[in-house]
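*Asks:* sequence plus the predicted model coming up.
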Number of protein chains: 2
Amino acid sequence: MLNLDRMAPNIIRELIRKQEITGPTAGMSKRFAQANLVILKKEYAFDFLLFCQRNPKSCPLLDVTEPGSFNPSKIAKDADIRKDIPKYRIYRDGVYTEEVTNITGYWEDDMVGFLLGCSFTFETPLIESGIPIRHIEEHCNVPMYKTNIPCEKAGIFEGPTVVSMRPMSHKDAIRAIQITSRFPSVHGSPIHIGDPSQIGIADISRPDFGDSVTIKEGEIPVFWACGVTPQAVALQSKPSLMITHAPGHMFISDVQDEKLSVL
Amino acid sequence: MLNLDRMAPNIIRELIRKQEITGPTAGMSKRFAQANLVILKKEYAFDFLLFCQRNPKSCPLLDVTEPGSFNPSKIAKDADIRKDIPKYRIYRDGVYTEEVTNITGYWEDDMVGFLLGCSFTFETPLIESGIPIRHIEEHCNVPMYKTNIPCEKAGIFEGPTVVSMRPMSHKDAIRAIQITSRFPSVHGSPIHIGDPSQIGIADISRPDFGDSVTIKEGEIPVFWACGVTPQAVALQSKPSLMITHAPGHMFISDVQDEKLSVL
C-alpha cells in the first residue's frame, strides 16, 4: 500500500492527474498546505479578488492564476489546476450541475483560478500542541455555520461569513488562539469564542454544513472564519459559470505548512 | 498652534480638504495608520490588485475602492481620496507631469484607489521599544534602495523590490524582527539583514530614493520591503494615467496602528 501521507505533493498530484487517486485528500502529503479552489471567468475576477482582499480571514488567498493560465506558479510550479484535483464541481448560474474528475473540457481562455488557504494547515500544530480536535476524534467533517457577520461586499459578491467550530477546554482555547494567530494565510485567529447566539447561530447542534460534534461539559466553542464562505458567497451571486473543488477533495500545494506562519 | 499629532484623523482630513494643510503628514494623528495611494483606471486594476496579492510584503493592501468610488470605506468611512491628501502626483504613460492638491478634475468613472500600508505604523512600536530610528534622529528621509529581488509578475506589472533600510545594533535587530513580524499589513518582518551586496546593493551610502544615514561601528543594516515598490513598478509599466500621493503626503486613515497587528 502506498504511504500517501509521506508522499511528495508533486507525486500525489501525478497520481491524481492519472485518476489513480479520486477520493478526499485529507492526510495526504502531510505538512504541505492544501487549498480550496474557485475558478471564475475574467469578468468576475476583479470583483472576486477584491472580495477576498476585503475579507482576508474567510478568504485567505494563497495564489491567483494569471487569466487563462491553469498553473498556480506561486504554490506549485508544475501543477495544472484543470487536472490535479480529484473531484471538481461545476456550477452554472449558481446551480450545481455536475461533478467531474478533470475540467480540461470546461476550461476557457479567460478563466482565473483562486487558491485559498484551508484549516487543515492549522489543525496540525493544534494537534501537536496536544489540543484534541473533536471532528477528527469523531471521524466526521468539521461543523460549519452561517453567521450574522456580513462579509465586506465587493462588486456582485456579498453574503454572510461562514465559520467552522471546534470545541475545547478554556485553557486549550487560549493556546489555540496563540497558535492560529501565527497563520493568517489559513484563516488566522478565531473570529468568535463562546456564546453562539452572539453571531447568529440559533442551534449549535445543527450545523449548516458538515457534521455535528460533541461539546463536552466545561468546553467552549471556538469559531474560525471558514473557506466555505467564498464559495457560498460566489454561488449566491450566481456567476454564469463557476468551477470549484468537491468538498474534501483539495489541491495539494508544494508549500510547507510551516512556511505560512508569520512568526 | 494646532496640536496636529493628537488631532483625530477625520478632523485632519477636513483641514486637508480645505487646503489648510498642504504639507507632509508625518507625526499627524499619532497612532493612526497612514497609507500610500495609487489610483489606476479599471483596465489596470485587476493586474495591479493581483500584483499586490502576489507581493504582500512590498504591497500590503489596507483598502481598495470599488471601481468609480472615491471612498475607502474599510479604513475611513467618510473620506474622499480625491481631496483628502495634501499633495498628489499625476503620471501619464509613466511620466510625472504635475503636482496638485485636489484630483477632482482628474477623476474618471472607472478609477480604482489602492491604499497601501506604510512603515510609519511599525516605527512607533520600534521607538517605544527603545530602538533608535536613525533617519528620525538625523531628521531626514529613510534611505531606500532598488534590489536584485524580483517581484512576482502580474499582468503588465513587474520590476525589482525596493527596500528601506534602518541600521541598528544586533540586539535591536532581533527585537525589531519580532516587533515588525506582528504587523504583516505594513510590510511585516524584514526581508534581509546584513550584507547589502547579497540583495544587489552596491553602495549602501548611495540610496536610490530618500537620504543616506550614518551606520555606526558594530551596527547591522536591516532591510524592509518598501511601499515605493508598487509605485515604481506601476510607473515602469507605463499605464496611460496613474495618480499617487506625493512622497510624505500620505492618506491618514481611521485605523489605529495597533489594530493592524496580528498578535
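*Replies:* Everything's here; your move. Please read these numbers as outputs of a predicted model, since none were measured by experiment. Numbering: from 1, shown residues only, chains lettered A, B, ... in the order given.
*Asks:* distance of the residue nearest to A:H170 when sequence neighbours are not counted relative to A:T180?
*Replies:* Spatial nearest neighbour of A:H170, excluding adjacent residues (CB to CB, 6 or more residues apart in numbering or on different chains): A:I220 at 5.5 Å. Heads up, the C-betas are built off the backbone N, CA and C, glycines and all. Between A:I220 and A:T180 the distance, using CB to CB, to the nearest Å, works out to 15 Å.
*Asks:* between those two, which one's more packed in?
*Replies:* A:T180 (23 against 16; other CB atoms under 10 Å in any protein chain shown).
*Asks:* hang on, isn't that one packed against A:L126?
*Replies:* Yes: using CB atoms under 8 Å as the test, A:T180 is close enough to A:L126 to be in contact (7.5 Å).
*Asks:* give me the residue from chain A nearest chain B.
*Replies:* A:F46 (4.2 Å; CB to the nearest CB).
*Asks:* correct me if wrong, but that residue is in a helix.
*Replies:* Yes: according to DSSP: H, G, I helix; E, B strand; the rest coil, the state of A:F46 is that of a helix.
*Asks:* what is the neighbour count of the closest residue to it other than its chain neighbours?
*Replies:* Once flanking residues are discounted, A:F46 sits nearest to B:F46: 4.2 Å by CB to CB, 6+ apart. B:F46 sits with 21 neighbouring residues when counted by other CB under 10 Å.
*Asks:* check the one 10 residues further on too.
*Replies:* Applying other CB under 10 Å, we find 18 other residues in the vicinity of B:P56.
*Asks:* which residues touch it?
*Replies:* Taking CB atoms under 8 Å, 6 or more residues apart in numbering or on different chains, we find B:P56 in contact with B:184, B:188.
*Asks:* bridged to the residue nearest to A:H170, which residues?
*Replies:* Beta-bridge partners for A:I220, by DSSP bridges, are A:M168.
*Asks:* can you pull the contacts of it?
*Replies:* A:167-170, A:173, A:193-194.
*Asks:* which of the residues you listed count as buried?
*Replies:* A:167-168, A:173, A:193 (16 or more other CB atoms under 10 Å in any protein chain shown).
*Asks:* got these as CSV, with distance to A:K216 and pLDDT columns?
*Replies:* Listed next are the buried ones among the contacts of A:I220 as CSV, based on distance: CB to CB, whole Å; pLDDT from 0 to 100:
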residue, distance to A:K216, pLDDT
A:P167, 7, 98
A:M168, 9, 97
A:A173, 13, 95
A:I193, 16, 96
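*Asks:* any idea which element A:I90 lies in?
*Replies:* strand A:88-92 (DSSP states H and E).
*Asks:* for that strand, which positions count as buried?
*Replies:* A:88-91.
*Asks:* same deal with stretch A:60-77?
*Replies:* A:60-67, A:70-72, A:74-76.
*Asks:* residue ranges with poor pLDDT in chain A?
*Replies:* A:1 (pLDDT under 70).
*Asks:* domain map for it?
*Replies:* A:9-118+A:237-258, A:120-230 (automatic domain parsing).
*Asks:* just the terminal-to-terminal distance for the first one.
*Replies:* Same thing as domain A:9-118+A:237-258. 15 Å (CA to CA, to the nearest Å).
*Asks:* do stretch A:150-170 as well
*Replies:* Per CA to CA, the first residue of stretch A:150-170 is 27 Å away from its last.
*Asks:* doesn't B:Y44 make contact with the residue of chain A closest to chain B?
*Replies:* No: when contacts are counted by CB under 8 Å, A:F46 is not listed as touching B:Y44 (10.5 Å).
*Asks:* distance check, the residue nearest to A:F46 against B:V186.
*Replies:* 24 Å.
*Asks:* what segments of the stretch 151-263 of chain A are helices?
*Replies:* With DSSP state H, counting those that start in this stretch, the ranges of helices along the stretch 151-263 of chain A come out as A:170-181, A:228-236.
*Asks:* how about those in TSV, adding distance to A:V213?
*Replies:* Output for the helices of the stretch 151-263 of chain A, formatted as TSV (distance: least, CB to CB, whole Å):
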stretch	distance to A:V213
helix A:170-181	15
helix A:228-236	16
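*Asks:* out of the ones you listed, deepest packed?
*Replies:* helix A:228-236 (a mean of 22; mean count of other CB atoms under 10 Å in any protein chain shown).
*Asks:* which residues touch that one?
*Replies:* Contacts of helix A:228-236 (CB under 8 Å, 6+ apart): A:36, A:38, A:40, A:48, A:51-52, A:55, A:58-59, A:91, A:94, A:114, A:116, A:144, A:146, A:151, A:157-159, A:161-162, A:164, A:209, A:242, A:244.
*Asks:* any quick ChimeraX command for the buried ones out of the residues you listed?
*Replies:* Restricted to buried positions by 16+ other CB under 10 Å, the ChimeraX selection for the contacts of helix A:228-236 reads:
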select /A:36,38,40,48,51,52,55,58,59,91,114,116,144,146,151,157,159,161,162,164,209,242,244
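*Asks:* quick one: the residue nearest to A:S240 when sequence neighbours are not counted from A:K238, how far?
*Replies:* Using CB to CB, 6+ apart and skipping the chain neighbours, the partner closest in space to A:S240 is A:D93 (6.1 Å). A:D93 sits 5 Å away from A:K238, going by CB to CB.
*Asks:* is the nearest residue in space to A:T229 that is not next to it in sequence in a helix, a strand, or coil?
*Replies:* The shortest distance from A:T229 to any non-neighbouring residue, by CB to CB, 6+ apart, is to A:S58 (3.7 Å). Classification of A:S58 using three-state DSSP returns coil.
*Asks:* right, and A:K30 touches A:D5 too?
*Replies:* Yes: using CB under 8 Å, A:K30 is in contact with A:D5, at 4.7 Å.
*Asks:* get me the contact residues on the stretch 1-150 of chain A for chain B.
*Replies:* A:42, A:45-46, A:49-50, A:52-54, A:61, A:64, A:66-67, A:74 (CB under 8 Å from any CB of the partner chain).
*Asks:* A strand includes A:L40, no?
*Replies:* Yes: the assignment for A:L40 by three-state DSSP puts it in a strand.
*Asks:* spit out the contact partners of it.
*Replies:* A:48, A:111-112, A:114, A:234, A:239, A:241-242 are the contacts of A:L40 under CB under 8 Å, 6+ apart.
*Asks:* how does it look with 7 Å?
*Replies:* A:48, A:112, A:239, A:242 (CB atoms under 7 Å, 6 or more residues apart in numbering or on different chains).
*Asks:* show me the beta-bridge partners of the last one.
*Replies:* Just to be clear, that refers to A:M242. With DSSP bridges as the rule, A:M242 is bridged to A:L40, A:Y91.
*Asks:* what's the answer for the second one, then?
*Replies:* With DSSP bridges applied, A:V112 shows beta-bridge pairing to A:L40.
*Asks:* pretty sure it is touching A:K42, no?
*Replies:* Yes: using CB atoms under 7 Å, A:V112 is in contact with A:K42, at 6.0 Å.
*Asks:* neighbouring strands - and their directions - for the helix or strand harbouring A:E98?
*Replies:* Following DSSP H and E, one finds A:E98 within strand A:95-100. Looking at strand A:95-100 with DSSP bridges, its partner strands are strand A:88-92 (antiparallel).
*Asks:* give me the residues contacting the strand it pairs with.
*Replies:* For strand A:88-92, using CB under 7 Å, 6+ apart, the contacting residues are A:96-100, A:103, A:106, A:235, A:240-246.
*Asks:* rerun at 8 Å
*Replies:* A:37, A:96-103, A:106, A:235, A:239-246, A:249.
*Asks:* which residues touch the residue nearest to A:F46?
*Replies:* Contacts of B:F46 by CB under 8 Å, 6+ apart are A:42, A:45-46, A:49, A:67, B:155.
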